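Asks: For reference, the sequence and a predicted model appear below.
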Amino acid sequence: MIPSDKSFNSTKGDKLPTLDKYFNPYFFLHESAIKIVKEMNPKNKFLDDYLTIFSDIEETNVLSEYLTKEKFRDRLQPLITIASNNGFEFMN
């Protein structure tokens, strides 16, 4: 989940973004969000939402060392595949 403009979200509907087109901005947005939340309050519950991507929330403590774009994509790809297998279509 990422914040998005209301008009974009409405046109997107239930469709999945293609990773090839949208992954880099998605990654950098989340990388920034995690850093900001950790600076504000390292025990913030907002980080719990990342447990679908990280196996342990403590992995965010070494974010710059641990979370490369490739590892983030490798963890995200199966979630996109599951959604696609459950009938969600991709955006054009």
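Replies: Received the coordinates, thanks. Every value quoted in this text rests on a predicted model; they were computed, and no experiment measured them.
Asks: Just to check, residue 30 is in contact with residue 72?
Replies: Yes. Between residue 30 and residue 72 there is a contact under CB atoms under 8 Å: 7.5 Å. From N, CA and C alone the C-beta is placed, and that goes for glycine too.
Asks: Now the phi/psi pair for residue 90, please.
Replies: Main-chain dihedrals, residue 90, degrees, to the nearest 10: phi -90, psi 150.
Asks: okay, it: pLDDT?
Replies: For residue 90, the pLDDT comes out at 89.
Asks: part of a helix, is residue 23?
Replies: Yes. In this structure, residue 23 lies within a helix as judged by DSSP: H, G, I helix; E, B strand; the rest coil.
Asks: Quick check: closest non-adjacent residue to it.
Replies: Spatially, and ignoring its direct neighbours in sequence, residue 23 is nearest to residue 73 (6.0 Å; CB to CB, 6 or more residues apart in numbering).
Asks: Please settle this for me: is the one you found part of a strand?
Replies: No. Counting by three-state DSSP, residue 73 is located in no strand; its state is helix.
Asks: Which residue, neighbours along the chain excluded, lies closest to residue 18?
Replies: residue 90 (5.5 Å).
Asks: Look up how far residue 20 lies from the one you found.
Replies: 10 Å (CB to CB, to the nearest Å).
Asks: By average pLDDT, which secondary structure element in this protein comes out worst?
Replies: helix 63-66 (a mean of 56; mean pLDDT, DSSP states H and E).
Asks: before we move on, the earlier item: neighbours around the residue nearest to residue 23, how many?
Replies: If you count neighbours by other CB atoms under 10 Å, residue 73 ends up with 15.
Asks: Pretty sure it sits against residue 19.
Replies: Yes. Applying CB under 8 Å, one finds residue 73 in contact with residue 19, separated by 6.7 Å.
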